[in-house]
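Q: whatever this is, show me its structure:
(one chain, ligands or ions: 1)
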Amino acid sequence: MESILVLTHADESGAVLSKGSLESVTAGRELAARLGAELTIGIVAKDASSAAAQVAGAAKRLLGVQGEAFAQARFASDAAACEALCRAAQATIVLAPHSSRFARVMAAVAHRVGGLIDTHITAIGGAANLEATRWFYRQRIEAVVSREKRPWFLLLDAGTHPAFAGEAAPAQAEEIAIAVELPALRTEVKGTRAPKQGAQTIRPDAKLLFVAGAGWTKKQPDGQIHVEDAGELILKFLGASGASLGSSKSLVDQGGEGNSVLPFLTHLNQVGQTGSTPRHAKGLSTCCHGEEPHVVGWRFVGERRAVSLDPNCGWTRGKADVVYVADAFEVMKRVNALLEDAASGS
Ligand SMILES: Cc1cc2nc3c(=O)[nH]c(=O)nc-3n(C[C@H](O)[C@H](O)[C@H](O)COP(=O)(O)OP(=O)(O)OC[C@H]3O[C@@H](n4cnc5c(N)ncnc54)[C@H](O)[C@@H]3O)c2cc1C
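A: Below you'll find the predicted structure:
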């Protein structure tokens, strides 16, 4: 008989569970219901008792590790906390969000408790034989993994389950009897350095992914390039819509090639075979050709639309749901004006 532990952590506030953690809670509840297994939620937070209120009714047992040492992500303290939670819960299946905070510690935790780990899990199926699904080779090959060894740790990719949203209720996370024994802590987070110009353009939780292609910096029908206009249009749209910003490789590569660039773009924005594979409900690609290595990163975007001047671009050949063969400068100018009208209520 399996028993399940969902490991969660708080966001920067220290008292509110991260979205990925709440998604893992949903996955844990679904799995526990299907297997008839017991569910425990473990919380790592500065203030685990407050964080526990969000999942008060979600599981039979809530365990918490809390204190100043767990306010910040750090290998030594996070690994010790997760290990203590695992030992207290004695679960056979451990689910956790594939957040940067947990991804860096969970393999070590699995090793310490004699288990095995699989990462980037997108779905959990099976009943008698549990099956975890993940993608390989940049989302081209889907594999179904099952293992005999327990405890089996599964790190769940963000956006694969809805976030748990039960009624918030007062809850006391059951303190772990044995306090976490912390090793020497040599790492301290002194602050955060934001990307260029402080503009945070990558928003994994946004409904819309807006992707800029190299066309924004190419010569336009008047024979000129209009990079400054492009930058203004894009930033205005991101500000008004709350969309996340993605880019084609060609566009982010241009900086290194000495061409005019959009200053707020880095390789972190790159979507594709050698870039990221974001998950958003909708995607809008602009001034981009829709080449295969780029489009492969759009695998998990729900509804895909594109604006390109080229009626024979990759998008029009079956890679987008809707393609507007139009000038993206004109389209985005109009879209921004409509958003402005909507915001002012006119
Ligand atoms: C091994 C390998 C891995 C790769 N990995 C990636 C990857 O991870 N991500 C990635 O993006 N690429 C990747 N590439 C590169 C990829 O193949 C393409 O070269 C790249 O994505 C093309 O970028 P683009 O569409 O922005 O530019 P372009 O191909 O230059 O296309 C620009 C488009 O903009 C249009 N346009 C111009 N002006 C306007 C306007 N005013 N309005 C509307 N449309 C306009 C043009 O018609 C054209 O279609 C990889 C390539 C290889 C070989």
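
Q: burial measure for Trp140, as a count.
A: Trp isn't right for residue 140; it's Arg. Look at Arg140: counted by other C-beta atoms under 10 Å, it has 10 neighbours. To be clear about C-beta, it is placed using only N, CA and C from the backbone, and glycine gets the same treatment.

Q: now the stretch 201-346 of the chain, which segments are flagged as low pLDDT?
A: Counting by pLDDT under 70, the stretch 201-346 of the chain has low-confidence residues at 256-260.

Q: near the ligand, which residues of it show up?
A: Counting by C-beta under 6 Å from any ligand atom, the positions of the stretch 201-346 of the chain adjacent to the ligand are 213-215, 218, 220, 248-251, 270, 272-275, 287-289, 291, 293-294, 307-310, 313, 327-329.

Q: and the residue of the stretch 101-250 of the chain closest to the ligand?
A: Nearest residue of the stretch 101-250 of the chain to the ligand: Gly215, at 2.3 Å (C-beta to the nearest ligand atom).

Q: quick revisit: tell me the buried residues within the residues of the stretch 201-346 of the chain next to the ligand.
A: Among those, those classed as buried by 16 or more other C-beta atoms under 10 Å are 213-215, 218, 220, 248-251, 270, 272-273, 275, 287-289, 291, 294, 307-309, 313, 327-329.

Q: okay, now Ala88: neighbour count?
A: By the criterion of other C-beta under 10 Å, Ala88 has 19 neighbours.

Q: doesn't Val65 make contact with it?
A: No - checked against C-beta atoms under 8 Å, the pair Ala88 and Val65 is beyond contact range at 9.2 Å.

Q: now do the contacts for the closest residue to Ser248 other than its chain neighbours.
A: With sequence-adjacent residues excluded and distances taken as C-beta to C-beta, 6 or more residues apart in numbering, Ser248 is closest to Gly213, at 4.4 Å. Under the criterion of C-beta atoms under 8 Å, 6 or more residues apart in numbering, the contact partners of Gly213 comprise Ser247, Ser248, Ser250, Leu251, Ser285, Thr286, Cys287, Cys288, His289, His294, Ser308.
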